[in-house]
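Trainee: Have a look at this prediction, sequence included:
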2 protein chains.
Amino acid sequence: MHLRLRKEIVCGRFPQGSALAEPVLAEHYQTSRAPIREALIALEREGLVTFEKTGRTRVRTIAAKDLREIMEARAALESMAAGLANRNWKDADTEFVTRNIEKQTNAGSLAELSRLDIDLHQYVVARSGNDRLRQLWEPLRWQWEAHLVEIYRRQKDDDFIPEQETITAHRHLLRALAKGTPSEASQSMMNHILFNLRWAK
Amino acid sequence: MHLRLRKEIVCGRFPQGSALAEPVLAEHYQTSRAPIREALIALEREGLVTFEKTGRTRVRTIAAKDLREIMEARAALESMAAGLANRNWKDADTEFVTRNIEKQTNAGSLAELSRLDIDLHQYVVARSGNDRLRQLWEPLRWQWEAHLVEIYRRQKDDDFIPEQETITAHRHLLRALAKGTPSEASQSMMNHILFNLRWAK
DNA sequence: GGCTCTAAAAGTGTCGACACTTAAGCCTAT
DNA sequence: ATAGGCTTAAGTGTCGACACTTTTAGAGCC
């Protein structure tokens, strides 16, 4: 239930700021309020949902300030993850990332590029071998993904995503990872993510 | 309820690995299972508690591997926080930290030193101005605190805490923060936290 | 028309109940 | 004594109910 609800929120099925009433959701998922309630509590801890003072639940809205916070937190976690991932970086990992970047160059849409981008970042976090890092990172991933979907929904041009720079940064990161220099990989990831902040807003 | 239960877990009222049965807790807190259940779900997301495959709930145990993960994650978040904190670091902040370090030099017990240490780190995270950073950091704080309490409980000597080095590192951090150099503050925090990993285990 | 007050609808927080699952205790047979 | 199996106790997941609170909708008034 938790996962199902999260997916629907991230996919934009419930727009940002919309109310999430327990009886309504219970009806929609053909269940009682108890499981819904549990899912909402978990989602609140993940930051996808907020409880207002009145007890009402809404899908959390992501403003410019939130976006900055998300990117800074991502930069912190992922740069550390990149450094750690070098501890046991294998040729197979290099291959995976290489293939991913290749697909990025051939991506037919922005949505596809974003999906590949998220895949790549998730891969690095997973390869850090630090499970808590992964656990902390995941909520940021959902929030980031939800934000992207929101951008696609209302095709605002000022939400520009620098495709070419992204791919270049990924190549740079890959080189550092393949070379096996943790501090370079870490720094590369840090720059890559914080660079995006220039377009946010 | 969530907060009350967390406090009791962190304080060692429920030892690591002990079972947390909903009916028992409901009896203990003179309430029904529903609020207990909600609290457990939140605590699970915070990492203080685990749900086994069977559905049973236990206080999470912190092994050497977990400790390493916690410290690495803390290093990632707090070094970023230290860098950000410099954006609007005031003289009042320098004063606060200075007083805190003074108290550390006069601390009468290891427990008191730890409390001051946690206060200091929390202060820096709060002053980063990034609320998500704080939100991600808090669970690590509880896990770290629970680990410390566990150490005090079974006075094992191999769990050594380098008091003098800690205070020195805090002074170094303070200098960087007061000087207003984000990268130095960030690096100082990173070194300080990762240094402790040498004594962990 | 717009405003205010009021009544009804909808929502939350908490509770006890029930079926089903898992763990514990016990008893027997070897 | 102990290992295996059976009975009983304990725990979880889900449900509907109820009191209380907040929101909504409408009637009446200016």
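Mentor: That came through fine.

Trainee: Against which helices or strands is the helix or strand hosting A:Trp144 packed?
Mentor: Using DSSP states H and E, the element containing A:Trp144 is helix A:131-153. When contacts are defined as 3 or more C-beta pairs under 8 Å, 6 or more residues apart in numbering or on different chains; DSSP states H and E, helix A:131-153 sits against helix A:2-10, helix A:33-46, helix A:64-85, helix A:110-127, helix B:64-85, helix B:131-153. (Glycine included, C-beta is placed from N, CA and C.)

Trainee: now the helix or strand just after it, how far from the chain's geometric center?
Mentor: As assigned by DSSP H and E, the chain's next helix or strand after helix A:131-153 is helix A:163-179. Computed by C-alpha atoms, centre = their mean, to the nearest Å, the chain-centroid distance of helix A:163-179 equals 18 Å.

Trainee: One more: stretch A:13-23?
Mentor: With C-alpha atoms, centre = their mean, you get 21 Å for stretch A:13-23.

Trainee: now do stretch A:33-53
Mentor: In terms of C-alpha atoms, centre = their mean, the centre of stretch A:33-53 is set 19 Å apart from its chain centre.

Trainee: Equivalent analysis for stretch A:85-105, please.
Mentor: Its chain's C-alpha centre and that of stretch A:85-105 lie 19 Å apart, by C-alpha atoms, centre = their mean.

Trainee: Same check on stretch A:92-107?
Mentor: Taking C-alpha atoms, centre = their mean, one finds stretch A:92-107 lying 19 Å from the centre of the chain it belongs to.

Trainee: ok, now stretch A:145-157?
Mentor: When C-alpha coordinates are averaged (C-alpha atoms, centre = their mean), stretch A:145-157 and its chain have centres 13 Å apart.

Trainee: Can you give me the pLDDT of the spatially most central residue of chain A?
Mentor: Nearest residue to the geometric centre of chain A (C-alpha atoms, centre = their mean): A:Arg141, 2.1 Å. At A:Arg141, the model reports a pLDDT of 97.

Trainee: give me the residue from chain A nearest DNA strand D.
Mentor: Nearest residue of chain A to DNA strand D, counting by C-beta to the nearest atom of the strand: A:Ser32, 3.2 Å away.

Trainee: what about the closest residue to that residue other than its chain neighbours, how many residues close to it?
Mentor: Using C-beta to C-beta, 6 or more residues apart in numbering or on different chains and skipping the chain neighbours, the partner closest in space to A:Ser32 is A:Ala26 (5.7 Å). A:Ala26 is flanked by 16 other residues according to other C-beta atoms under 10 Å in any protein chain shown.

Trainee: contacting residues for A:Ala26?
Mentor: A:32-33, A:36 (C-beta atoms under 8 Å, 6 or more residues apart in numbering or on different chains).

Trainee: before we move on, back to that, how close does the residue of chain A closest to DNA strand D get to A:Met1?
Mentor: According to C-beta to C-beta, to the nearest Å, A:Ser32 and A:Met1 sit 11 Å apart.
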